[in-house]
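**Q** Model the following, please.
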Amino acid sequence: MSVRADTCSDLVIRLWGKTHGGGLGPCHPLLFHMTDAACVAASLWRRSLSQSPRTRLASGLGLPEEAAGRWVPYLV
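**A** Below you'll find the model as predicted:
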């Protein structure tokens, strides 16, 4: 979803995560960007990461693998 920077009236929407044209063109608000990144991280954890990186990440976080899979999207 893109929102024009000049039409963003709510502070949450005014914080941009991505923009075209130095912040003057359409922007992708930070909240949406963070949500997108979390969804991608969760999907990668479930579908793409093999056991070894999951185990290493979970160990690095000091968590069981299942709990680490829930935390990784928030940490991204």
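
**Q** Quick check: longest helix in this structure by residues?
**A** helix 30-47 (DSSP state H).

**Q** other SSEs contacting that one?
**A** In this structure, helix 30-47 packs against strand 16-19, helix 65-75, with contacts taken as 3 or more Cβ pairs under 8 Å, 6 or more residues apart in numbering; DSSP states H and E. Bear in mind the C-beta positions are built from the backbone N, C-alpha and C, glycine included.

**Q** Can you list the buried residues in the shortest one?
**A** Neighbour-count burial for strand 16-19, with 16 or more other Cβ atoms under 10 Å as criterion, is recorded at residue 16.

**Q** roughly how far out does it sit from the chain middle?
**A** Offset of strand 16-19 from its chain centre (Cα atoms, centre = their mean, to the nearest Å): 13 Å.

**Q** helices or strands next to that strand in the packing?
**A** Packed next to strand 16-19, using 3+ Cβ pairs under 8 Å, 6+ apart, are strand 26-29, helix 30-47.

**Q** How many residues are close by the nearest residue in space to residue 40 that is not next to it in sequence?
**A** Here the nearest residue to residue 40 in space, its sequence neighbours aside, is residue 76; by Cβ to Cβ, 6 or more residues apart in numbering that works out to 7.8 Å. The number of residues packed near residue 76 is 14, by other Cβ atoms under 10 Å.

**Q** isn't residue 68 right up against residue 61?
**A** Yes: here residue 68 lies in contact with residue 61, judged by Cβ atoms under 8 Å, at a distance of 5.1 Å.

**Q** more neighbours, those two?
**A** Applying other Cβ under 10 Å to residue 68 and residue 61 shows that residue 68 carries more neighbours, namely 20 against 14.
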